[in-house]
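Colleague: quick one, fold the following:
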Amino acid sequence: MLLSLLYVLISGIARPVGGIQMQYLWRNQLGDVYSLGLGSAACLGAAAATMSGWCSLTVGSFICTLICTLVCFFVTLKVNTQSLITFGILFGTFIGSLGTIVVTNAPNGDLLKQYYLWGAANFRLEGVTTADIIFSLCLFAVGLAAALLDSKRLTAHFRGETELSNLHKALSLLAIMFLVTSAVSICGPIGFISLGVPNLSRLVYKKGDIRVHYAIGAGMGTALLLITYLVVQYVNFGIYLPVSATMALIALPLMAIIFIKK
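Modeller: Take a look at the predicted model:
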């Protein structure tokens, strides 16, 4: 129970903070940690690890996400932000297709179920080892430290006071991958929290200081995930409710607020 709550906290911090960083890098409210195919890569790595048994699900997810990030790293060095977004969408579609092929060729139903339970948000930490947890916590610490150290430059970039080099953007992308993968590799992808929460934060605090958005986004993300987790655990009507799907239902009114305010 305590370990599950720890990953509710880590996910509630890592995903919104990563999303906020992407929005500041791109100067675009559509910036999202999954926009460059990171979510699809995590699913592909998790699927390949689960179906083949060549490594733990967490390590497989990280390795594939790292490869995806390195591809985007070198693309970032060569293209502008708009082209990078377009590339990310197309690249993510390609990776997602590979993941579909792997999953549909699962050797048995038990492995398929294990993968889908992870993809639905694995806060039960099924199949997660002690080594996976240590590895994940190290990634979280490195990613969060990088986010805090780079906060002033990201804020200045977002305000148009300075322009970050493509190398700086590429390195920032690598740090964001560390932060977000610390949660995704253990608990699976959850969409709304990395895009919706950063936009909600911008409704609450309209100024550009990214450190304030980190705090607001982390608070909102953790609260939303905790509510969802408690609903799944104790108000489930006797059926299994996936955290990712339940969050989408709970977040629907919040999405309406975003669009009405915009």
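Colleague: pLDDT weak spots in the protein?
Modeller: The model of the chain has pLDDT under 70 over residues 122, 258, 261-262.
Colleague: what about the strands in it?
Modeller: Shown for the chain, no strands are assigned by DSSP state E.
Colleague: how about the helices in it?
Modeller: Secondary structure of the chain, counting by DSSP state H: helices at 2-26, 38-52, 57-76, 81-104, 109-119, 130-149, 151-158, 166-187, 192-204, 210-234, 243-261.
Colleague: need the ones you listed in CSV with distance to D32 and mean neighbour count, can you?
Modeller: In this view, the C-beta of every residue, glycine as well, is placed from N, C-alpha and C. Shown next, in CSV, are these (distance: least, Cβ to Cβ, whole Å; neighbours: other Cβ atoms under 10 Å):
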stretch, distance to D32, mean neighbour count
helix 2-26, 6, 23
helix 38-52, 9, 26
helix 57-76, 13, 22
helix 81-104, 9, 16
helix 109-119, 18, 17
helix 130-149, 16, 16
helix 151-158, 16, 18
helix 166-187, 10, 24
helix 192-204, 4, 23
helix 210-234, 13, 19
helix 243-261, 14, 14
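Colleague: dump the residue contacts of the residue lying closest to M220 once chain neighbours are set aside.
Modeller: Excluding the flanking residues, the one nearest M220 by Cβ to Cβ, 6 or more residues apart in numbering is V197, at 5.0 Å. Contacts here follow Cβ atoms under 8 Å, 6 or more residues apart in numbering; on that basis V197 touches R15, P16, G19, G217, M220, G221, L224.
Colleague: how near is V197 to L9?
Modeller: From V197 over to L9 the distance is 14 Å, taken as Cβ to Cβ, to the nearest Å.
Colleague: got a list of what K206 touches?
Modeller: Contacts of K206 (Cβ under 8 Å, 6+ apart): none.
Colleague: check contacts around E126.
Modeller: Q114, L117, W118.
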